[in-house]
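Visitor: what shape does this take:
(2 chains)
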Amino acid sequence: MAFFKIPNLVIILLTTVIFTIFAFTADRFLTLANIENILTGYSFLAIIAIGQSLTIMARGIDLSVGSTVALAAMVLFDATMIFELPGVFAILIALVAATAAGALNGLLIVYLRLQPFVATLATLAAYRGIVYAISGRQLYPELPTKAVTDPWIRWLGDFFDVERALGLGDFISLPWIPISFFILLIYAIAIGLLLGRTRWGLNLRTYGGSPEAAHLAGLKVNRLVISVYALCGFSAGLAGIILVGRFTTATEALGSGMELTAITAAVIGGTRLQGGIGGVTGPVLGAFLLGIILIGLTLLEISQFYQQILTGGILIAAIGYDRLIEKRKAV
Amino acid sequence: MVDALAALNISKSFDGFIALNNLDFTLQSGEVRALVGSNGAGKTTLIKILTGAHAPSTGTISINGKQLPGGDPAAHISGGISCIYQHTSLAPNLTVAENLFLGNHPTNRFGLLDKKEMKRRAQQLIKDNETDVSPNDLVADLPTVKQKEVEILKALAANSSVILMDEPTAWLSFPEVQRLHDTIRRLKKTGVTIVYISHMMDEIFRVCDNATVLRDGKLVWQGSVAETDRSSMVQHMLGDGGQDTSNERNERRNEVEKGQKTLRVSNLSRENLFSEANFSLYQGEILCITGLIGSKRSELLQCLFGVAQPDKGQIFLHGIPQKIDTPRLAIQLGIGLVPEDRRMQGLFLSHSIEENHVAASLGDFVNRGLFNRKRVRTRAQDTIRQLNIKPDDVKKTVGNLSGGNQQKVLLGKWLETAPDILILDEPTVGVDVGAKNDIYQVLQAFKEEGGAVLIVSSDVEEVQNIADRVLVMANGKLSASFDAQALSHEELVAKISGESVNEA
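Guide: Next up is the predicted model:
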């Protein structure tokens, strides 16, 4: 995995430098509460970014992840609040819905031969429409003000007290780690194994590097592409249920615009837009780097609007850097 | 003895067009067989059928007596046929070891990739075949010849007994070609059967045992290369032509060299493609550049039309040196280029005849910022009549026309720009005889009105038919020009195939 080393090294250095700068310039940056904030606010995003990087590795993109987040969240909300299903089942149904949404993207791309950009732009709108249509908050006037109470779902938004678990509460003060961060760790390891240690992962990298080569080697390319988008949908679904746990409700506008952040995180994490090159650590680091920058700027009281400009700027810079390396290689 | 590869009674047609006609293609174990033929002869179709990319319309394919299903790439690979394509079919972002076992990676008992085993097997294969690569090398970092060697190893890793090589030396330098040939000879000793597809006569005579020549989807000659020579091989490829040298045409040609020099090319070179190209093009003549495919003629044309830039040398138009750096400028300077691939480079297939017709001269149809559709229609209708385009309806979508009519639309588009110099790259490939004649007539008329025509053509018959003067290009080098009529068909063929013609 020689090619993972260099982009990750750059991003680790960059993260360290930016973290240090904020630690000195922003007052409340180096506090436990803020570290908790970054972990809570960006673990779920890292999960989406992992899924996104898979589609980018397959020479595609998934613009519908934001809507899929909302879809999973709303399905979960409905299942637990309207149908009063036990949390485990509700979570399962929500994840299935998100995976199906992803698989549908894959089917559109493979069988209707749509450009991934076009197919997922269409489903971005369509899935968001479904969210509004099935929203329990619209259908039942009493629901918007009610909070989700199911312990399973609440647990997703919970924190883990490291000090108490270690019995060190009296001696040192450590941040409380959100459960979502642990979910991210487990998920990253699982996808990492899938990418690095299975035929599926190698086939994905082959396809991304040369679809022609994959086809000529007799790989089942269609199935591969559909599975990649299904997994991306699943990732967005995972993020969606985590957000329900955190907010104890689901809103119709949840996750809108999140595709941009996820793509940015994947790309600054070294996922190459031309396909074939990417991994798990990159997008995760990318997501947290983005988190550190955006939260740091908030603490410096720089407005939300500038932050959006900055996110776009970072994406352009990351792609520009990628191209620069490509160019230098080609010479 | 069972044939290593037996493809019997193979036919293939696409929408009524017969690409292969009842072909038998059998090979012995350890044989190196050349497969030759000009464009459209059916080589590509045969390769695709052998690799399982296409299913044959009729016929069977068997390896060592075992029949393959046809039309199933994975089954053909596991059945023992591999193909090394002209363009690499390796994934550049993977390592050598990962590429060697594409689609068939070793796994351990948990279903996870067994990277150790993969590396060990790769190492063994590299050692057995004396290849100078490491299993951990990234394919993108390897030079082209090593990539070819990795592809051969990949074929061996799949236990292939038959390896097809499609123009394997197209991107290789001379010493690299030697290396590849050494590899082929070594494989031959181990009983691997090789089909060597190439336009390079030199290479065929150096490395192949036997040759099969295809023309128009039929087998026209098969035999040992030791018992034939280049000229007769090329003759088989190109067919009999040039016999109908009519006197009338001879008379028409005697105007040559009386017109003015419109284009002069001096020492034009592009690295690794062509070098030191020198020639002049006169008003009122048709100059043909002929040669085998891969002799870099199209690349030369691209420099004349501003698609690519030469490294060295100059282009003079009417005696003035010009730096043509964009096609737009070339058009302004009065040059038109009818490219080789009309579907990809020449036409807007989903647009109508009239829209295609004016695509290169839109400016002429705009009046005070508004587009004069009526004039477009009249002009397109004129051209349809002049070029005998069928159907004669300006609204017809170009993609649905036959090859010949598409070519006429393309030609009409460039005539509409009223060029001084018309450049055509393989103007009649895939064009039927009737349309061919129409095109020749239009070119003659253009020339008689004082236009200069430069044609790249691999079709000897065509060259003899229409050229006033001929240049031969071989491996990026141009010969001196000679009068097409002064040469017999055989002499021209001999020049193309790279033999020096005897004075006698």
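Visitor: and chain B, which residues reach chain A?
Guide: With the criterion set to CB under 8 Å from any CB of the partner chain, chain B comes near chain A through B:51, B:73-74, B:77-78, B:83, B:85, B:87-94, B:98-99, B:102-103, B:105, B:107, B:111-113, B:115, B:136, B:138, B:140. Heads up, the C-betas are built off the backbone N, CA and C, glycines and all.
Visitor: if you look at the residues you listed, which of them are in strands?
Guide: Among those, the members found in strands (DSSP state E) are residue B:83.
Visitor: state the distance from the spatially most central residue of chain A to residue B:375.
Guide: Centroid-nearest residue in chain A: residue A:48, 1.4 Å away (criterion: CA atoms, centre = their mean). According to CB to CB, to the nearest Å, residue A:48 and residue B:375 sit 56 Å apart.
Visitor: pretty sure residue A:30 is touching residue A:21, no?
Guide: No: look at residue A:30 against residue A:21 with CB atoms under 8 Å: they stay out of range, at 11.4 Å.
Visitor: so which residues of the stretch 251-400 of chain B form helices?
Guide: For the stretch 251-400 of chain B, the helices defined by DSSP state H, counting those that start in this stretch cover B:297-304, B:327-332, B:353-357, B:373-387.
Visitor: quick one: low-confidence ranges for the stretch 1-150 of chain A?
Guide: A:1-7 (pLDDT under 70).
Visitor: and the helices in it?
Guide: Counting by DSSP H, counting those that start in this stretch, the helices of the stretch 1-150 of chain A are A:2-25, A:32-57, A:65-81, A:87-111, A:116-134, A:136-139.
Visitor: please identify the most buried of the ones you listed.
Guide: helix A:65-81 (a mean of 29; mean count of other CB atoms under 10 Å in any protein chain shown).
Visitor: point out the other helices and strands that it packs with.
Guide: Helices and strands touching helix A:65-81, by 3 or more CB pairs under 8 Å, 6 or more residues apart in numbering or on different chains; DSSP states H and E, are helix A:32-57, helix A:87-111, helix A:116-134, helix A:136-139, helix A:221-247, helix A:258-268.
Visitor: OK, contacts around the residue nearest to residue A:258 when sequence neighbours are not counted?
Guide: Nearest residue to residue A:258 in three dimensions, chain neighbours excluded: residue A:66, at 3.9 Å (CB to CB, 6 or more residues apart in numbering or on different chains). Listed by CB atoms under 8 Å, 6 or more residues apart in numbering or on different chains, the contact partners of residue A:66 are A:124, A:128, A:236, A:255, A:256, A:257, A:258, A:259, A:262.
Visitor: and if you look at residue A:219?
Guide: Per CB under 8 Å, 6+ apart, neighbours of residue A:219: A:203, A:206, A:207, B:102, B:103.
Visitor: looking at the residues you listed, state which has the most neighbours.
Guide: residue A:206 (28 neighbours; other CB atoms under 10 Å in any protein chain shown).
Visitor: and the gap between the residue lying closest to residue B:264 once chain neighbours are set aside and residue B:280?
Guide: Nearest residue to residue B:264, sequence neighbours excluded (CB to CB, 6+ apart): residue B:316, at 4.1 Å. Separation of residue B:316 from residue B:280 (CB to CB) stands at 9 Å.
Visitor: right, and residue A:138 touches residue A:78 too?
Guide: No: counting by CB under 8 Å, residue A:138 sits too far from residue A:78 to count as a contact (10.8 Å).
Visitor: how near is the residue nearest to residue B:138 when sequence neighbours are not counted to residue B:87?
Guide: Computed as CB to CB, 6+ apart, the closest residue to residue B:138 that is not its neighbour in sequence is residue B:95, at 5.8 Å. Using CB to CB, residue B:95 is found at 20 Å from residue B:87.
Visitor: what does residue A:283 give?
Guide: Residue A:283 is 32 Å from residue B:87, by CB to CB.
Visitor: what lies in contact with stretch B:50-66?
Guide: A:216, B:2-13, B:20, B:22-23, B:29, B:45, B:48-49, B:67-77, B:79-83, B:161-162, B:164, B:195.
Visitor: recalculate using a threshold of 6 Å.
Guide: By CB atoms under 6 Å, 6 or more residues apart in numbering or on different chains, the list of residues contacting stretch B:50-66 from outside reads B:2, B:5-13, B:48-49, B:67-68, B:70-73, B:76, B:79-81, B:83.
Visitor: now swap in stretch A:194-212 and tell me
Guide: So stretch A:194-212 is contacted by A:57-59, A:214, A:219, A:224, A:275-276, B:91-94, B:105, B:112-113 (CB under 6 Å, 6+ apart).
Visitor: and that stretch, how far out from the chain's middle?
Guide: Relative to its chain's centre, stretch A:194-212 lies at 21 Å (CA atoms, centre = their mean, to the nearest Å).
Visitor: swap in stretch A:294-303?
Guide: Distance, centroid of stretch A:294-303 to centroid of chain: 22 Å (CA atoms, centre = their mean).
Visitor: returning to that earlier point: the residue nearest to the centre of chain A: what's it in contact with?
Guide: Counting by CB under 6 Å, 6+ apart, residue A:48 has contacts A:65, A:235, A:236, A:239, A:262.
Visitor: repeat for residue A:67
Guide: Per CB under 6 Å, 6+ apart, neighbours of residue A:67: A:124, A:127, A:128.
Visitor: what's the closest non-adjacent residue to the last one?
Guide: The one in question is residue A:128. Nearest one to residue A:128, counting by CB to CB, 6+ apart, is residue A:67 at 4.3 Å.
Visitor: can you check residue B:420 too?
Guide: According to CB to CB, 6+ apart, the nearest residue to residue B:420 is residue B:334 (3.8 Å).
Visitor: what about the one you found, distance to residue B:41?
Guide: Using CB to CB, which is the criterion applied here, residue B:334 is 36 Å from residue B:41.
Visitor: ok, those two, which is more surrounded?
Guide: residue B:41 (23 against 18).
Visitor: need the contact list for the more buried one.
Guide: Residue B:41 neighbours (CB under 6 Å, 6+ apart): B:214, B:215.
Visitor: quick one: residue A:157 from residue A:165, how far?
Guide: For residue A:157, the distance to residue A:165 - CB to CB - is 18 Å.
Visitor: more neighbours: those two, which one.
Guide: Ranked by neighbour count (other CB under 10 Å), residue A:157 and residue A:165 place residue A:157 first, with 20 against 11.
Visitor: give the contact list for that one.
Guide: Here residue A:157 is in contact with A:245, A:246 (criterion: CB under 6 Å, 6+ apart).
Visitor: residues from chain A in reach of chain B?
Guide: A:197-199, A:202, A:206, A:209-210, A:213, A:216-219, A:276-277 (CB under 6 Å from any CB of the partner chain).
Visitor: most neighbours out of these, which is it?
Guide: residue A:206 (28 neighbours).
Visitor: pLDDT of the helix or strand encompassing that one, averaged?
Guide: Per DSSP states H and E, residue A:206 falls inside helix A:199-209. Helix A:199-209 carries an average pLDDT of 94.
Visitor: go on, stretch B:99-117?
Guide: Mean predicted confidence for stretch B:99-117 is 87.
Visitor: now tell me what touches it from outside.
Guide: Against stretch B:99-117 from outside (CB under 6 Å, 6+ apart): A:197-199, A:202, A:217-219, B:90, B:118, B:122, B:139, B:153-154, B:157.
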